[in-house]
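In: what's the 3D shape of this:
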Amino acid sequence: FNDKTLALRIGLHCGAVTAGVVRADRPRWQLFGDTVTLATNMAHSSQVGKIQISSAMQQMLDQSPAKFRMKRRDPPVAVQEHGECKETISYYLDIVSLDVSSSSKPVKR
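Out: Now for the predicted structure:
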């Protein structure tokens, strides 16, 4: 990249999607649905260099055997959903604190 900086904004959400191949001239695999739209909105409203996640993603990560550090974003983020702009609670995911060592151990039930 020679002296160029790469600035990323990442948004994550979890949920149902529809997938399919589009375009006959240059076929490509694509995902559609409200889940994709909300993840896109999370990315667009995030700060550069941060991973913003939805409250649904935060709940899913809380149930994971790996430990994540998340910080609630305040104030809530305004996102477009079904044509309406509404406030949504979101979190920033701290990727530096990812502890994968615990995910390799068997879970006792």
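In: Tell me where the protein has strands.
Out: 10-12, 18-22, 28-32, 51-54, 67-72, 77-81, 84-88, 90-99 (DSSP state E).
In: Tell me how many other residues surround His13.
Out: His13 is flanked by 25 other residues according to other Cβ atoms under 10 Å. (C-beta placed from N, C-alpha, C; glycine too.)
In: An error on my part: the question was meant for Lys4.
Out: As a measure of burial, Lys4 has 6 neighbours, counting by other Cβ under 10 Å.
In: Can you pull the phi/psi pair for it?
Out: phi -100, psi 140 (degrees, to the nearest 10).
In: correct me, but Pro76 touches Glu87?
Out: Yes - assessed by Cβ atoms under 8 Å, Pro76 is found in contact with Glu87 at 3.9 Å.
In: which one of those two has more residues nearby?
Out: Legend: neighbour count by other Cβ under 10 Å for Pro76 and Glu87, higher for Pro76 (13 against 10).
In: In contact with the residue nearest the centre of the chain: list those residues for me.
Out: Centroid-nearest residue in the chain: Leu12, 0.7 Å away (criterion: Cα atoms, centre = their mean). Residues near Leu12 by Cβ atoms under 8 Å, 6 or more residues apart in numbering: 39, 42, 51-54, 57, 93.
In: farthest-separated two in these?
Out: Ala39 and Leu93 (12.9 Å; Cβ to Cβ).
In: Just want to know which of these two has more residues nearby.
Out: More crowded of Ala39 and Leu93, by other Cβ under 10 Å: Ala39, with 23 against 20.
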